[in-house]
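Enquirer: just need the structure, nothing else, for what follows:
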Amino acid sequence: MPGTLAMTVRGVARHDPRTKDLVRRLRAGYIAVIDHPDLDELAARSLVRSGVRAVLNLSPCVTGRYPNLGPQVLLDAGVVVLDDLRASDGQPLDGATLDGRRVEIRDETVLSAGRPVAYGRLLTRRQLESSLHAARSNLERELERFIENTMRHALREKELVLGGLAIPRCRTRMHGKHVLVVVRGRGYREDLAAIRPYVDDLRPVLMGVDGGADALLEAGYRPDLIVGDMDSVSDAALRSGAELIVHAYSNGRAPGLDRIRALGLDAAIFAAPGTSEDIALLLAYEHGASLIVAVGTHSNIIDFLEKGRPGMASTFLVRSRVGPILVDARGVSQLYPRRLRPVYVAHLLLAAMVPIAVLTSLSASARAYLRLLLLELRLRMGV
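Expert: Now for the predicted structure:
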């Protein structure tokens, strides 16, 4: 294969069929072996946070279906990416054969014990932009299929709006309260940080959707409820004392319940179509929440395509029902930057000086106190 990489990358390879399970086994300097076509942004960010040196993807990082965001995240973080990996004989590669082995990436070749074991395509910015350009041109066709699927499934899932679902009882009181629903979706960290003053001041009921419960714990909060199919939430979160609601299929089958019972915990069942974040919003609404604040939820076509969903019927229906009391926190961190700009500080000081100036004009003791205050400020600031 032609050499295009001007450096050699070495490290221990780790593989798992599911990227979200793999990141739990990764350490800084490892090389991740994934099988993830159309790598999504959330998965890419989790790989970056784990500190991987390189990513070997058995599938194309961009298939051309839609302009997915994950590959750009990896390149921006300086992670070396080889995708469309094949065994040295040109046959499909079993990623498990690399698990735990020390490998070396040289040009577009993967070596183990000095011998080539796989070849891939080095993902460069130029190649990525070319692939994304082609994907953008295909987005209109993908959107058409997406809309058709949404409308077709909406007819099957109309009970989300019309009622008829058995809403589980909850120990956690939500009636008349604000409920914060946290999903581990795009921008959840930034938005959760941006609304921290709201959470600290108003103390809403905290509901984590699967991994959203871990997001709350990472932010220093304990979830009151955890809702979901329980496949991407940690044992620590499940044992945090939160009330557990397992999302089941419409027929009542709840695969996630086995994990809950294996941990010696109890849970209620919510059998409903749609996504876990949909039923979390519906649960808060049906239990009388006065306001629902959503963090990290999926609400546009790219979000849903990255989740591998062909449509958004349940989300459309649920948001139609709960809309009057739903506030989406996405983008709050961009709309209201947390950094305090100098001009704001200047205005605040100027406003504070007005009453001080009035007092100073009326009292000699106030003037003396002000001089001492200014002297202390100068000493602290070193001026």
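Enquirer: alpha carbons only for contacts and neighbour counts from here, please
Expert: OK.
Enquirer: low-confidence bits of the stretch 101-250 of the chain, can you list those?
Expert: 150-163 (pLDDT under 70).
Enquirer: now do the helices in it.
Expert: Shown for the stretch 101-250 of the chain, the helices assigned by DSSP state H, counting those that start in this stretch span residues 125-156, 159-162, 188-194, 196-202, 212-218, 235-238.
Enquirer: report the buried residues of the fifth one.
Expert: Along helix 212-218, these residues count as buried under the neighbour rule (16 or more other Cα atoms under 10 Å): 212-217.
Enquirer: with stretch 251-271 instead?
Expert: 254, 256-257, 260, 267-271.
Enquirer: can you give me how far it is from the chain middle?
Expert: 24 Å (Cα atoms, centre = their mean, to the nearest Å).
Enquirer: mind checking the end-to-end distance for that stretch?
Expert: 7 Å (Cα to Cα, to the nearest Å).
Enquirer: could you list the domains of the chain?
Expert: 8-130, 159-335, 342-381 (automatic domain parsing).
Enquirer: re earlier: what would the buried residues of stretch 251-271 look like in TSV with distance to residue 31 and pLDDT?
Expert: Listed next are those as TSV, based on distance: Cα to Cα, whole Å; pLDDT from 0 to 100:
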residue	distance to residue 31	pLDDT
254	35	91
256	30	91
257	33	93
260	32	95
267	38	95
268	40	95
269	39	94
270	39	93
271	40	90
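Enquirer: of all the helices of the stretch 101-250 of the chain, which lies closest to residue 319?
Expert: Proximity to residue 319 (Cα to Cα) singles out helix 159-162 among those, at 9.1 Å.
Enquirer: strands of this protein, start to end?
Expert: Along the chain, the segments classed as strands by DSSP state E run 8-15, 31-34, 54-57, 80-87, 102-106, 109-112, 115-122, 178-183, 205-209, 225-228, 243-248, 268-271, 291-295, 326-328.
Enquirer: okay, these in CSV with distance to residue 237 next?
Expert: Below are these laid out as CSV (distance: least, Cα to Cα, whole Å):
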stretch, distance to residue 237
strand 8-15, 25
strand 31-34, 25
strand 54-57, 28
strand 80-87, 32
strand 102-106, 33
strand 109-112, 38
strand 115-122, 38
strand 178-183, 13
strand 205-209, 9
strand 225-228, 8
strand 243-248, 10
strand 268-271, 16
strand 291-295, 18
strand 326-328, 24
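Enquirer: of all those strands, which lies closest to residue 25?
Expert: Using Cα to Cα, the nearest of the strands of the chain to residue 25 is strand 8-15, at 7.5 Å.
Enquirer: before we move on, the earlier item: in the buried residues of helix 212-218, find the pair that's most separated.
Expert: 212 and 217 (8.7 Å).
Enquirer: next one: phi and psi at residue 211?
Expert: With angles defined as degrees, to the nearest 10, residue 211 sits at phi -60, psi -10.
Enquirer: OK, contacts around the spatially closest residue to it that is not a sequence neighbour?
Expert: Spatial nearest neighbour of residue 211, chain neighbours left out: residue 233 (4.4 Å); criterion: Cα to Cα, 6 or more residues apart in numbering. Each residue near residue 233 by Cα atoms under 8 Å, 6 or more residues apart in numbering is listed here: 210-214.
Enquirer: quick check: the farthest pair among those residues?
Expert: Longest span within the contacts of residue 233, Cα to Cα: 210 and 214, 7.9 Å.
Enquirer: residue 289 contacts residue 175, correct?
Expert: Yes. Here residue 289 lies in contact with residue 175, judged by Cα atoms under 8 Å, at a distance of 5.0 Å.
Enquirer: these two: which is more packed in?
Expert: Neighbours per residue (other Cα atoms under 10 Å) separate residue 289 from residue 175, with residue 289 holding more: 24 against 15.
Enquirer: roughly how far apart are the more buried one and residue 296?
Expert: Residue 289 is 19 Å from residue 296, by Cα to Cα.
Enquirer: go on, residue 21?
Expert: Distance from residue 21 to residue 296, by Cα to Cα: 20 Å.
Enquirer: picking that back up, okay, the buried residues of stretch 251-271 in JSON lines with distance to residue 104 next?
Expert: JSON lines is the format used below for the buried residues of stretch 251-271 (distance: Cα to Cα, whole Å):
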{"residue": "254", "distance to residue 104": "43"}
{"residue": "256", "distance to residue 104": "39"}
{"residue": "257", "distance to residue 104": "42"}
{"residue": "260", "distance to residue 104": "41"}
{"residue": "267", "distance to residue 104": "46"}
{"residue": "268", "distance to residue 104": "49"}
{"residue": "269", "distance to residue 104": "48"}
{"residue": "270", "distance to residue 104": "48"}
{"residue": "271", "distance to residue 104": "48"}
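Enquirer: just these now: which is nearest residue 38?
Expert: residue 256 (26.5 Å).
Enquirer: rewinding a little: so for residue 100, which of the helices of the stretch 101-250 of the chain sits nearest?
Expert: Using Cα to Cα, the helices of the stretch 101-250 of the chain put helix 235-238 closest to residue 100, at 24.6 Å.
Enquirer: mind listing what's buried in the closest one?
Expert: Buried-residue list, helix 235-238, by 16+ other Cα under 10 Å: 237-238.
Enquirer: now do it: which elements does it pack against?
Expert: Where contact means 3 or more Cα pairs under 8 Å, 6 or more residues apart in numbering; DSSP states H and E, helix 235-238 is packed against helix 212-218.
Enquirer: give me the contacts around the helix it packs on.
Expert: Contacts for helix 212-218 (Cα under 8 Å, 6+ apart): 182-184, 189, 207-208, 222-223, 226, 233-234, 237.
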